[in-house]
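In: build me a model:
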Amino acid sequence: MTHAEMLNAYPKDLGHIDEDKLAACIEACFECAQACTACADACLSEDMVAELTKCIRTNLDCADICETTGKTLSRHTGYDANITRAFLEACAAACKACGDECGRHADMHEHCRICADACRRCEQACRDLLASLG
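Out: All right, here's what the predicted structure looks like:
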């Protein structure tokens, strides 16, 4: 199952939303949530865990926001563009913060590099969808 398949199966018209950007954003949100959760866990296993406290916190916050945004974008009945914009803006901000934080550790920890990349993709997907909303 892809997110695009579920969007295509929706029984009503989705309106003026770019379905490709919507599907890409939903996918990026869930991918980022998984990467952030895994990165936080990997940080907890590092010998220098005390130095990764901010990274762990940022990972967990980003994972929660991305998961919630992905779920919210997956619901279309009773759609409210203002709420969607707020979620996308919050998600993009969380992804930027997490991508920046993980980027500081990327040379030392591969899991942080992977997570930073996922955060940057999700931030861009959120911004692309926001721009398409007008």
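In: quick check: which element contains the residue most central in space within the chain?
Out: The geometric centre of the chain, computed from its C-alpha atoms, lies nearest to Cys29 (Cα atoms, centre = their mean), at 3.2 Å. Under DSSP states H and E, the secondary-structure element containing Cys29 is helix 19-45.
In: I'd like to know which elements that helix is packed against.
Out: Judged by 3 or more Cβ pairs under 8 Å, 6 or more residues apart in numbering; DSSP states H and E, the packing partners of helix 19-45 are helix 3-9, helix 53-73, helix 81-105, helix 110-133. Where C-beta positions appear, they are placed from N, C-alpha and C, glycine not excepted.
In: most remote residue from the chain's center?
Out: In the chain, counting by Cα atoms, centre = their mean, Asp47 sits farthest out from the average C-alpha position, at 27.6 Å.
In: still on that earlier bit, dump the helices and strands packed on helix 19-45 into a markdown table; add mean pLDDT and mean neighbour count as well.
Out: Shown next, in a markdown table, are the helices and strands packed on helix 19-45 (pLDDT from 0 to 100; neighbours: other Cβ atoms under 10 Å):
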| stretch | mean pLDDT | mean neighbour count |
| --- | --- | --- |
| helix 3-9 | 59 | 13 |
| helix 53-73 | 97 | 20 |
| helix 81-105 | 95 | 19 |
| helix 110-133 | 96 | 21 |
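In: to Cys43, which of the ones you listed lies closest?
Out: Closest of the helices and strands packed on helix 19-45 to Cys43 is helix 53-73, at 4.8 Å (criterion: Cβ to Cβ).
In: and the closest one, what does it pack onto?
Out: In this structure, helix 53-73 makes packing contacts with helix 19-45, helix 81-105, helix 110-133, judged by 3+ Cβ pairs under 8 Å, 6+ apart.
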